[in-house]
Each structure stands twice: as structure tokens, then as C-alpha cells.
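J.: Kindly return the folded structure for what I paste below:
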Amino acid sequence: MKIKKIMALKVLVVLALVLGFTGCSKKGNTKGGSTATGWKINDKKGGFQFNDKFKQQETPPGMISIEGGTFTMGKVQDDVMHDWNNSPNQQHVQSFFMDETEVTNKMYTEFLFWIKNVFPPTDENYKNIYTGVIPDTLVWRNRLGYNETMTNNYLRHPAYADYPVVGVNWIQAVEFSKWRTDRVNENILEREGYLKKDNKIKLGSDVTAENSFSTETYINTPSKSFGGNEEVVLKKEMGKGRRQAADTAKNVYAQRSSGLILPEYRLPTEAEWEYAATALVGNREYNIYKGQKKYPWSGQYTRSSKRQYRGDQLANFKQGKGDYGGIAGWSDDGADITNKVKSYAPNDFGLYDMAGNVAEWVQDVYRPMVDDEANDFNYFRGNVYTKNKIGEDGTVELVTSDNITYDTLINGKIIARNFPGQIAQVPVDDNETFLRTQFSTSDNRNYRDGDRQSTRFYKFNDSEEGEGGSDEKRMYEAPKHSISADSLGKMVRKYDSKSNDKRTTLVDDNVRVYKGGSWRDRAYWLDPASRRFFPQDMATDYIGFRCAMSKVGPKSNKKTPRGNPRK
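T.: Numbering: from 1, shown residues only. Purely as a prediction, here's the structure:
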């Protein structure tokens, strides 16, 4: 009996020691305190504010999560076009989000509605903004074809509302992506109580050019958002659902540390687009992994082999000369021009029309080769780095109605490159590039393929260095058409006088890659590895686009780093 009592006392002593040590360890790590300093975080009395409850990035409207990974970019099969511009190379792409479908006419006309109301074309200051974003509906015209129905109706008629938008050049697609970024983040901030409710719908009245919402302006100088209107830009304590008064708020504005503001919408890179279209996630065979998947779907044919849909075409493409859809009622792909999005089965990522319907713009500047020796991670050619312009008062300088930047394209179209309320941008300089190893200039489009280091000519005219050297020594002898205005303001267009005999290519820094086949293309172009190029300031009736967005945080929310499902 005594032995049992002694043993019980020993157990109690051990438990007391364990609890004592545990208590000591807790004192060194105060609940809610910083692991760096021990200071309290998100204290109502002030101090450092941070969203410790952030779980994962919100899935953007209309998008699908694409888990990143490695794949063989380019083709390993015969190149029937003999371009040899898609030699296979191994690449790795980070996780990102991509639009489930191409941007539709309905989505793009919402953009036009917003621009027209906020920047009315009747205002002399804004007359070129609205016309600069309107798609070119004349792309449907053909010298020997009657297509006036599409010319007059395709963009705005409700019958084509869910068809992919066409006639949009690369520059307009980029501007749509910027606009979409601001509208989505504006909606999120309003939903979370950081902006006045329903303010975004009062276009042309409360919301005008000078007080419209810009994501970057809000992040960098929130007090200047909406023209500095404090009745619209509200103050809120982080983690609280109720609005706080200005004099009691501890976290005045939402910032990146809030975890609410989404990264920018943008065009996908060529590597991202090809990776998403190939969709290796649904295939585990070795030959598929090594880059021998021919289409976004499994198999070597364009028709379905499933019993229920056997013989049905899996995409909208040109099946032969004079055959854009097949025989009516039999062996038909259901479309002669473009088709309504989601008319065909998605690929294994859940993305629709990654082959056929319309080809799609991507971010990249075109070059005949993908320089995998320089980089095999998130490959992209086209970086032009800029920074916020700082005014004399030391704060960021905003674009106003008086300093909008316009570009006159070669075809005479005038497009605004920035809007009032946005932060003015300037190229990065030596302050950002000095002694850096990963980049040394603002414009990197020509890196290792068009700049000094990559050409056999060494005599350059410094005044034209940005174009890759003097006119006679340029690496890519593309035509250089010009457009100017005479003394009366009349536009003068001049073709390149040397284009007939001395120009050797159409490649320059203003041609962009487009991927995938379209309703005008034969089955060869449905291969995700196929790549073509087109001037960034021109449009067609067969090129559309979809948006992408980078993913912040872990590669996958469903797996541990070792690939095992979380418990």
C-alpha cells in the first residue's frame, strides 16, 4: 500500500514538473505576439497591423485555378510548316489562375460601357479614349465575301453575347485586363467595407474620370483615391466587420498586408498558355509527360471516341477547303464562324476552347526561338520594367486629364496608354539596375536576341540603340512604316521605302505571339505547341484572348510540399 502511495506521489511530481516547464515555454511566446519581437500584433491601441487569419487567395471571378508544374514546351512531332520555331525544351510554370473561357462580347461591351460613361467621348479631353478601345468590326469584311451581318451585329447583338470577342488588338486586350483588375478589386473593397456601398455603379455622376478607382493608386496613396473623397474611401479596423470612425480606426486602409487585394489581371505568358492548354494533369503516361500530347484532349484525333458522343468534333476549326463546319445535320462541329463559349468539352484543367473557336493573344514578344538556356522558370520575353513617377513633393504623381499619354498606331488609331486617376509610370533607371545581376535595363524585349550582345554587328548608332542599333545594322530587318501629322494636323502615312528589297522579316519588338487554332484554321494549329505572331496594334476576325492572374502563396492548397493530402 505504501509502495502504491509513493508511486502516485512520484507521478504527481513528474506531472507538476512537466506542467511547470510547459507554462514557462508559454510565457516566452505570448499569444498573438510577434515571434520576432514578442510585441502584440493587431493591438486595438495601435502598433503593427497584419492579417494573421489569411487562408488562401480568393479565386477571381470567371477563373480556374491551374496548379503549376513542369512540361515540355514546344513540339516533338513533325513541323509541317517548317517554321522550326517551337523546338522542345523543358520549362516550369508556377501556379496561376486562368479564365475558364475566352473573353466574350458581353464582357468586353461591359468594358466599353464603363469607359464611355467615365470618359465621355463628347468631352474634348477624352474623345480618343473610347474610340481607342472599340474593337475593329471591319475585320469581318472580305473582298469576295458577304460578311456585313457580322460587321454590323457580332459585337453588340445579344445573339452573339457569349461568343468570344474578336477585332481586339493586343494593346486593347492589355487595357481590358487593367480595367478588369480595378473593377474586381473595387468590388472586393466595397464588399469588405473599405469603400462606400454602391458608389461604383454611379457612373458619370459620382464616378467620373478624375475620381475613378485605381488599384495601384489605392495601395500607394489611398487618400488620393476617388479624387481624395473621404466619403467614398472608408476607414476600418482590420478583422472587424463594422466601419470605424476616422479618429478611432487603427488600420485606416486596406493594403497588401490585408490579403484582400488581388494581383493584376493580365494576358497569360506563352508558357502559361501552352501549359494550361496541354493539361498534363489528367495524363500519367511517360510519352505524354515528354511532350507528345497532340491536343488539349487525350488522343490523336479531333473526334470524340466516347460512346455517347462518338464522332462529334471536339473543337471548332476549319475541316477542309470550303468546309468550316461540316455537312449540315451530320458530322458537323456546330459552327461556321466562332461559336458560343462552353460549346465543347473542357480540358482536364476545366478550361474551354483551348483549341479552336478563336486563337488567343499571349503576353510574349515573338522570337523564332525560346531561350531556355537563359531561363527555364516562368519563361517570358517582353519585360519592360517601370516605376511610379514621384512628384516634387515626394509623393506619387497621378495622371490627370491634362497629361494622358496617347499612342498613334501605324494604322492611325489613337489609343490611351494611361487614364486619369492612375499613377504615372517612368522607366526604371540606374537606381534600380546598378550592380544587379538579374537585369540591367528597363526594356528587356531584345535580351540575347536583338541587343548588342546577340548580334554579329558591332557598329551601332547610339541614337537608335533602343531599336537594336542603326537602321542598316539591325538584327531584325522588319519594315518601319511611319505616321505623322502635317502643319494642318492632317495625318500623313508613309510605307517603308525599303520593304520591297531590303527588309528580311516581319519580326520586331511590336509583334506578339498568339496561340491555338481558330475557326479559320486547319487541325494542325490546334496543337498547343504551335505558335504564330501578329503585330500588336492590328486585329483580326480569328484572334481573341483570355486573362490570367498569378497565384500568391503555396503551389497547391490541397497538398503538402511532399504531395500528400492534408489531414
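
J.: Run through the residues that contact Val281.
T.: Contacts for Val281 were tallied using Cβ atoms under 8 Å, 6 or more residues apart in numbering; they are 67, 69, 348-349. Yep, even glycine has a C-beta here, placed from its N, CA and C like the rest.

J.: what about the strands in the stretch 451-567 of the chain?
T.: Secondary structure of the stretch 451-567 of the chain (DSSP state E, counting those that start in this stretch): strands located at 482-485, 491-494, 511-515, 531-535, 543-544, 548-550.

J.: I'd like to know which of these is closest to Asp393.
T.: For Asp393, the closest of these is strand 548-550, at 32.7 Å, according to Cβ to Cβ.

J.: List the buried residues for that closest one?
T.: Neighbour-count burial for strand 548-550, with 16 or more other Cβ atoms under 10 Å as criterion, is recorded at 548-549.

J.: Contacts for that strand, please.
T.: Looking at what lies outside strand 548-550 - Cβ under 8 Å, 6+ apart - the contacts are 60, 63, 94, 96-99, 262-269, 272-273.

J.: Report the rounded mean pLDDT for that strand.
T.: For strand 548-550, the per-residue pLDDT values average out at 98.

J.: returning to that earlier point: looking at the strands of the stretch 451-567 of the chain, which is buried most?
T.: Per-stretch averages of neighbours, counted by mean count of other Cβ atoms under 10 Å, single out strand 543-544 among the strands of the stretch 451-567 of the chain, with a mean of 30.

J.: Relative to Lys413, how far out is the closest residue to Asp496 other than its chain neighbours?
T.: Take Asp496 and drop its neighbours on the chain: the residue closest to it by Cβ to Cβ, 6 or more residues apart in numbering is Pro479, 3.9 Å away. Using Cβ to Cβ, to the nearest Å, one gets 18 Å for the distance from Pro479 to Lys413.

J.: Check Gln56 too.
T.: 41 Å.

J.: Next: Asp376.
T.: The spacing between Asp376 and Lys413, counted by Cβ to Cβ, is 37 Å.

J.: Show me which of the two is the more surrounded one.
T.: Each of Asp376 and Lys413 has its neighbours counted (other Cβ atoms under 10 Å); Lys413 has more, 20 against 16.

J.: Test my guess that that one contacts Pro535.
T.: No: Lys413 lies out of contact with Pro535 (Cβ atoms under 8 Å); the separation is 11.9 Å.

J.: which one of the contacts of Val281 is nearest Leu155?
T.: Leu155 has its nearest neighbour among these in Phe349, at 28.8 Å by Cβ to Cβ.

J.: pLDDT at that closest one, what is it?
T.: In the prediction, the pLDDT value recorded for Phe349 is 95.

J.: Leaving out sequence neighbours, find the closest residue to it.
T.: Here the nearest residue to Phe349 in space, its sequence neighbours aside, is Ala279; by Cβ to Cβ, 6+ apart that works out to 4.7 Å.

J.: Tell me, how many residues neighbour the one you found?
T.: Look at Ala279: counted by other Cβ under 10 Å, it has 23 neighbours.

J.: Next up, the contacts around it.
T.: With contact set as Cβ under 8 Å, 6+ apart, Ala279 has these partners: 296, 347-349, 351, 354.

J.: And the furthest pair within those?
T.: Asp348 and Met354 (10.4 Å).

J.: When those two are compared, which one has more neighbours?
T.: Per other Cβ under 10 Å, whichever of Asp348 and Met354 has more neighbours is Met354, with 30 against 14.

J.: What's the end-to-end length of stretch 476-487?
T.: Start to finish, the residues bounding stretch 476-487 are 33 Å apart (Cα to Cα, to the nearest Å).

J.: Report the distance from that stretch to the chain centre.
T.: Here the centre of mass of C-alpha atoms in stretch 476-487, compared against the chain's by Cα atoms, centre = their mean, to the nearest Å, lies 30 Å away.

J.: And the residue nearest to Trp84 when sequence neighbours are not counted, what's its pLDDT?
T.: What sits nearest to Trp84 in space, not counting adjacent residues and going by Cβ to Cβ, 6+ apart, is Pro368, at 7.6 Å. Listed pLDDT for Pro368 reads 93.

J.: ranges for the strands of the stretch 51-200 of the chain?
T.: Ranges of strands within the stretch 51-200 of the chain are 63-66, 69-73, 89-93, 96-99, based on DSSP E, counting those that start in this stretch.

J.: Ignore what I typed, I meant the stretch 301-450 of the chain.
T.: Ranges of strands within the stretch 301-450 of the chain are 359-365, 386-388, 406-408, 414-416, 425-427, based on DSSP E, counting those that start in this stretch.

J.: Provide the contact partners of the second one at residue level.
T.: Looking back up the chat, that one is strand 386-388. With contact meaning Cβ under 8 Å, 6+ apart, strand 386-388 is reached by 216, 220, 396-397, 423-428, 432, 442.

J.: Now it: buried residues?
T.: By neighbour count on 16+ other Cβ under 10 Å, the buried set for strand 386-388 is Asn388.

J.: Could you check how far the residue lying closest to Asn128 once chain neighbours are set aside is from Pro121?
T.: Across the structure, with Cβ to Cβ, 6+ apart as the measure, the residue nearest Asn128 apart from its sequence neighbours is Ile414 (4.4 Å). In this structure, Ile414 and Pro121 are separated by 12 Å, where distance is defined by Cβ to Cβ.
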